[in-house]
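Engineer: sequence? don't have it. structure:
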C-alpha cells in the first residue's frame, strides 16, 4: 500500500506533512511519487491567500478521475483550509469523492481516523474548534532537504493581524516544553542533520504562556546551542513587536546560530501598520534593524511585504518603498493583498484595485531586484560559511546559511560545512574558492 501527500503553504505545513508521513509509514504504507500510484492521497492545505486556495481546489478536483478508476483510493483533506469556518461542508459538497476531512488541531489523530474509515467506510469530518494541548511522540518522516530538520517550538498565534486567518485556523499560542525540544534536537544532531530550524508562527513569543518568565526564546536558543555536534540553528518567523535585544545578542554571541533573521515589516507606513494591527511602528522596526546591525554587522536580513492593503495611498506605498531603500534587505517576499473571509480586512473600505496593486508590486520588485544585485556584488572578496550540496559541471554547488547558492572551486564532501571566499558575481551567479 502506498501514500501520496500534496502540501501547500508555509513551512509549518511542510513539517506537519512530515508528521502525516510518519503516521502512514507506521501503518506500513510506502511513499508514492505521484497520486496515480497511491492508495491514500492527502492534501495538506493552506488558506492564507485566495490564489493558493483556488490552486488547491483545482488539485483536489483532478483526483476525481483517479478515484473513479480506483474506488478503493482514500482521499483526505487537512490543514488550514479544512479548519476555516464552513470549509468542510463546502469541500464535501463540491468534491463528494473526498473521504476524510480533519483540521489543524487534531492532526495527531489522523492514523486513528484513517483506521476508522477503513473499518466502517463512512465519510469522516473531524475538525476541532480549538486545540487540546500539545501532543509529543509523533512519528516524523523528514524530507531531509539539504539536511534541514524542522522542529516546532510553539503553535498558534495571538496577534490577530487584520489581514491574517492564521489565529482563526491555528488557535492561540502554545509553547512546547523546552526539554522536549532539546531532546528532539539532540536526536536530530546525532542522526547527522546539519541545520535545525526552530519553527513557530512567532518564535519570539516562545514561553509567553509559561509561568516561569525566564524561559523565553533567548533561553531556548542557548539551550539548543549547548548541544554537542557539528550543526547550526535557524528559526522562523520573528514578529517585530516581540524581537528583543536579548535574542539579538544571543544570536551574535553564538557561532552555532545562523546570522539570518527574517523580520516581516509588511508595510513601511505607520497608518497602514495600524490598520493591519501589527502593534509596532516604522520607527520601532528601524530601531530593531539598527540593533541587529550593531551586534551582527553581516546579518542576512529578509522581510515580507503586503502591497495594496485597503486604504493604502501612493504616499503610504512610498513609505514602504523608501524603507526598503533604507534597509537594503538581502531578501524580500512581496505579495499583493488578498481578501480572506473571516478577517477584519475582508470588509474594510477603500479596497485597492488590481491594476494599482500590480503597478506597485512591480515597482517594489524592480527595486528589490536592483538591491539584490548590488548586495551580491558587494559579497565579492568576502568569506562566508557554506554547506556542500553536490557537484555540477566541475564546480561544487553549495548553499550559505541563508539559502543563497554559491558555486565553489574545490573538492568538497556533500553535507559538510566549509568556508569559502567569493571571487566573482557573473550571470547572476556567485563563484568562490574553497578556504
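Structural biologist: Perfect, I can see it now. The shown structure was predicted, so the numbers you read here are calculated from the model rather than taken from an experiment. Residues are numbered from 1 along each chain as shown.
Engineer: show me the helices in the stretch 151-300 of the chain, by range?
Structural biologist: Secondary structure of the stretch 151-300 of the chain by DSSP state H, counting those that start in this stretch: the helices cover 166-170, 178-190, 217-225, 245-253, 270-276, 282-295.
Engineer: out of the ones you listed, which gets nearest to residue 348?
Structural biologist: Smallest distance to residue 348 across these (CB to CB): 7.3 Å, for helix 270-276. Glycine gets a C-beta too; all of them are placed from N, C-alpha and C.
Engineer: next one: the closest one to chain centre, how far?
Structural biologist: Here helix 270-276 is found 24 Å from its chain centre; the criterion is CA atoms, centre = their mean, to the nearest Å.
Engineer: mind giving me the packing neighbours of that helix?
Structural biologist: Using 3 or more CB pairs under 8 Å, 6 or more residues apart in numbering; DSSP states H and E, the elements in contact with helix 270-276 are helix 314-327.
Engineer: in the longest helix along the chain, which residues are buried?
Structural biologist: For the chain, the helix that runs over the most residues, judged by DSSP state H, is helix 354-378. Neighbour-count burial for helix 354-378, counted by 16 or more other CB atoms under 10 Å, picks out 357, 360-361, 364, 367-368, 371-372, 375-376.
Engineer: also stretch 207-224?
Structural biologist: Buried residues in stretch 207-224, counted by 16+ other CB under 10 Å: 207-208, 215-221, 224.
Engineer: nearest to residue 402, of those residues?
Structural biologist: Using CB to CB, residue 221 comes nearest to residue 402 of the buried residues of stretch 207-224, at 17.6 Å.
Engineer: residue contacts, the closest residue to residue 289 other than its chain neighbours?
Structural biologist: Using CB to CB, 6 or more residues apart in numbering and skipping residues adjacent in sequence, the residue nearest residue 289 is residue 327, 5.6 Å away. Taking CB atoms under 8 Å, 6 or more residues apart in numbering as the contact definition, residue 327 lies against 286, 289, 301, 303.
Engineer: how about residue 176?
Structural biologist: Applying CB under 8 Å, 6+ apart to residue 176 gives the contacts 134, 136, 152-155.
Engineer: need those in TSV (columns: pLDDT, neighbour count and distance to residue 88).
Structural biologist: TSV is the format used below for the contacts of residue 176 (pLDDT from 0 to 100; neighbours: other CB atoms under 10 Å; distance: CB to CB, whole Å):
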residue	pLDDT	neighbour count	distance to residue 88
134	82	14	24
136	77	11	27
152	97	20	24
153	98	23	29
154	97	25	26
155	95	20	21
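Engineer: distance of the residue nearest to residue 289 relative to residue 236?
Structural biologist: Note on residue 327: its distance to residue 236, by CB to CB, to the nearest Å, is 18 Å.
Engineer: likewise for residue 60?
Structural biologist: Distance from residue 60 to residue 236, by CB to CB: 28 Å.
Engineer: rewinding a little: show me which pair in the contacts of residue 176 is furthest apart.
Structural biologist: 136 and 154 (13.6 Å).
Engineer: what about the stretch 1-150 of the chain, any weak spots by pLDDT?
Structural biologist: Along the stretch 1-150 of the chain, the model assigns pLDDT under 70 to residues 137, 144-146.
Engineer: just the helices in it please.
Structural biologist: Remark: helices assigned in the stretch 1-150 of the chain by DSSP H, counting those that start in this stretch are 11-26, 50-61, 64-69, 80-83, 87-94, 110-120.
Engineer: now those helices as CSV including distance to residue 39 and mean neighbour count?
Structural biologist: CSV is the format used below for the helices of the stretch 1-150 of the chain (distance: least, CB to CB, whole Å; neighbours: other CB atoms under 10 Å):
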stretch, distance to residue 39, mean neighbour count
helix 11-26, 10, 20
helix 50-61, 17, 15
helix 64-69, 11, 13
helix 80-83, 21, 26
helix 87-94, 21, 15
helix 110-120, 10, 15
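Engineer: same list (those) but as TSV, adding distance to residue 428.
Structural biologist: As requested, the helices of the stretch 1-150 of the chain are exported to TSV (distance: least, CB to CB, whole Å):
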stretch	distance to residue 428
helix 11-26	26
helix 50-61	27
helix 64-69	40
helix 80-83	35
helix 87-94	41
helix 110-120	42
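Engineer: what's the closest of those to residue 130?
Structural biologist: Between the helices of the stretch 1-150 of the chain, helix 80-83 lies closest to residue 130; by CB to CB that is 10.4 Å.
Engineer: what about residue 172, distance to residue 248?
Structural biologist: For residue 172, the distance to residue 248 (CB to CB) stands at 26 Å.
Engineer: tell me which of the two has more neighbours.
Structural biologist: Each of residue 172 and residue 248 has its neighbours counted (other CB atoms under 10 Å); residue 248 has more, 20 against 12.
Engineer: just checking, that one touches residue 292?
Structural biologist: Yes - with contacts counted by CB atoms under 8 Å, residue 248 reaches residue 292, the gap being 5.7 Å.
Engineer: show the end-to-end separation of stretch 212-227, please.
Structural biologist: For stretch 212-227, the first-to-last residue distance is 22 Å (CA to CA, to the nearest Å).
Engineer: contacts for that stretch?
Structural biologist: Residues outside stretch 212-227 that contact it (CB under 8 Å, 6+ apart) are 153, 178, 181-182, 185-186, 189, 196, 198, 203-208, 233, 235, 244, 246-247, 249-251, 254, 256-257.
Engineer: I'd like the contacts of residue 327 as a markdown table, with distance to residue 400 and pLDDT appended.
Structural biologist: Listed next are the contacts of residue 327 as a markdown table, based on distance: CB to CB, whole Å; pLDDT from 0 to 100:
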| residue | distance to residue 400 | pLDDT |
| --- | --- | --- |
| 286 | 25 | 98 |
| 289 | 20 | 98 |
| 301 | 14 | 98 |
| 303 | 18 | 98 |
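Engineer: would you mind listing which of the residues you listed are buried?
Structural biologist: Buried by 16+ other CB under 10 Å: 289, 301, 303, out of these.
Engineer: can you confirm the second one is in a strand?
Structural biologist: Right, the one you point to is residue 301. Yes - the assignment for residue 301 is a strand, going by DSSP: H, G, I helix; E, B strand; the rest coil.
Engineer: shouldn't it be in contact with residue 332?
Structural biologist: No - between residue 301 and residue 332 there is no contact under CB under 8 Å: 10.0 Å.
Engineer: going through the contacts of stretch 212-227, which ones are buried?
Structural biologist: Using 16+ other CB under 10 Å as the burial test, these include 153, 178, 181-182, 185, 189, 196, 198, 203-208, 233, 235, 247, 250-251, 254, 257 as buried.
Engineer: coming back round to it: for residue 77, state which of the buried residues of stretch 207-224 is nearest.
Structural biologist: residue 208 (31.9 Å).
Engineer: residue 401 versus the closest one, what's the distance?
Structural biologist: In terms of CB to CB, residue 208 sits 27 Å off from residue 401.
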